[in-house]
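Chemist: my questions are about this predicted structure, shown below with the sequence.
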Amino acid sequence: MTNLRWPTINHRRTSPFGPRASTKDKFHDGTDYGAIRAGVAGDELFAIGKGKVLFVGRSAAYGLYIIIECDNWCYLYAHMDSCMLSQNDQVVAGQIVGIMGDSGTEAVHVHVEIRTGIYGPNFWDKDGDKFKNSVDPETYFRKAMYTEDLQTVVDVAEFNSGDFWQNLIDNKATMGEVPVSIFISALAKVCDIIKER
């Protein structure tokens, strides 16, 4: 469960994993990521790991959500606008799972949880305000950009070139040090996009 693919094109974190002081939920068991265009639903959500869909449904807190079980861990996406999968479907990393939305919440984003262990009767057990098996998702996401992530950089630039540089700066902490060759290639692609406008 390391070096996982990012669940969204945009790596902009809107709410981190961990304790919260200002909401009724004192612990945030996942990490929230905003849309490429803030407030606009429609971003694709990608499977972070290979597994099997164990649940697709709705709740007041999560809105439309999905739970996917891998070897000895699970992940959950909440607040989806739509889901492309059904229970028992097999999933591969990078596959489109659904579309980001605002179901069960007031802002467009995806809430991502990772839980250690398999999905079962203890999945929803809490230790105080925290789900017992929840872990910080960002601990397991890639810390550097890879060749296949070039398209991510280009996609963000195409959607909103005005915010591209700020997005790149903001995302550096979550992507880690970007290899120079990848950065140069991405920069060349972005320059081509800007020239075409």
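Modeler: The structure has been received and is ready for your questions.
Chemist: residue ranges of each domain in the protein, please.
Modeler: Using automatic domain parsing, the domain ranges for the chain come out as 13-139, 147-196.
Chemist: remind me, longest strand of the chain?
Modeler: Secondary structure of the chain read by DSSP state E shows that its longest strand is strand 73-83.
Chemist: buried residues in that one?
Modeler: 73, 74, 75, 76, 77, 78, 79, 80, 81, 83 (16 or more other Cβ atoms under 10 Å). All C-beta atoms are positioned from the backbone trio N, CA, C, and that covers glycine.
Chemist: wait, what's in contact with the last one?
Modeler: Put plainly, it is residue 83. By Cβ atoms under 8 Å, 6 or more residues apart in numbering, the residues touching residue 83 are 56, 64, 66, 97, 98.
Chemist: which one is the fourth one nearest to, not counting chain neighbours?
Modeler: Right, the one you point to is residue 97. Counting by Cβ to Cβ, 6 or more residues apart in numbering, residue 97 lies nearest to residue 45, which is 4.8 Å off, once chain neighbours are set aside.
Chemist: can you count the residues close to that neighbour?
Modeler: 25 (other Cβ atoms under 10 Å).
Chemist: identify the residues contacting the helix or strand hosting it?
Modeler: Using DSSP states H and E, the element containing residue 45 is strand 44-46. Residues outside strand 44-46 that contact it (Cβ under 8 Å, 6+ apart) are 5-9, 77, 80, 93-100, 110.
Chemist: same question for the helix or strand residue 54 falls within: list its buried residues.
Modeler: In the assignment (DSSP H and E), residue 54 maps to strand 51-59. The neighbour-count check on strand 51-59 (16+ other Cβ under 10 Å) flags 51, 52, 53, 54, 56 as buried.
Chemist: what's the following helix or strand after it?
Modeler: Per DSSP H and E, the first helix or strand lying C-terminal to strand 51-59 is strand 63-69.
Chemist: coming back round to it: format the buried residues of strand 51-59 as JSON lines; extra columns: pLDDT and distance to residue 13.
Modeler: Below are the buried residues of strand 51-59 laid out as JSON lines (pLDDT from 0 to 100; distance: Cβ to Cβ, whole Å):
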{"residue": "51", "pLDDT": "94", "distance to residue 13": "23"}
{"residue": "52", "pLDDT": "96", "distance to residue 13": "28"}
{"residue": "53", "pLDDT": "97", "distance to residue 13": "25"}
{"residue": "54", "pLDDT": "96", "distance to residue 13": "26"}
{"residue": "56", "pLDDT": "97", "distance to residue 13": "25"}
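Chemist: got those as JSON lines, with distance to residue 21 columns?
Modeler: Below are the buried residues of strand 51-59 laid out as JSON lines (distance: Cβ to Cβ, whole Å):
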{"residue": "51", "distance to residue 21": "34"}
{"residue": "52", "distance to residue 21": "37"}
{"residue": "53", "distance to residue 21": "35"}
{"residue": "54", "distance to residue 21": "33"}
{"residue": "56", "distance to residue 21": "33"}
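Chemist: closest to residue 129 among the residues you listed?
Modeler: Here the nearest of these to residue 129, counting by Cβ to Cβ, is residue 54; it sits at 24.3 Å.
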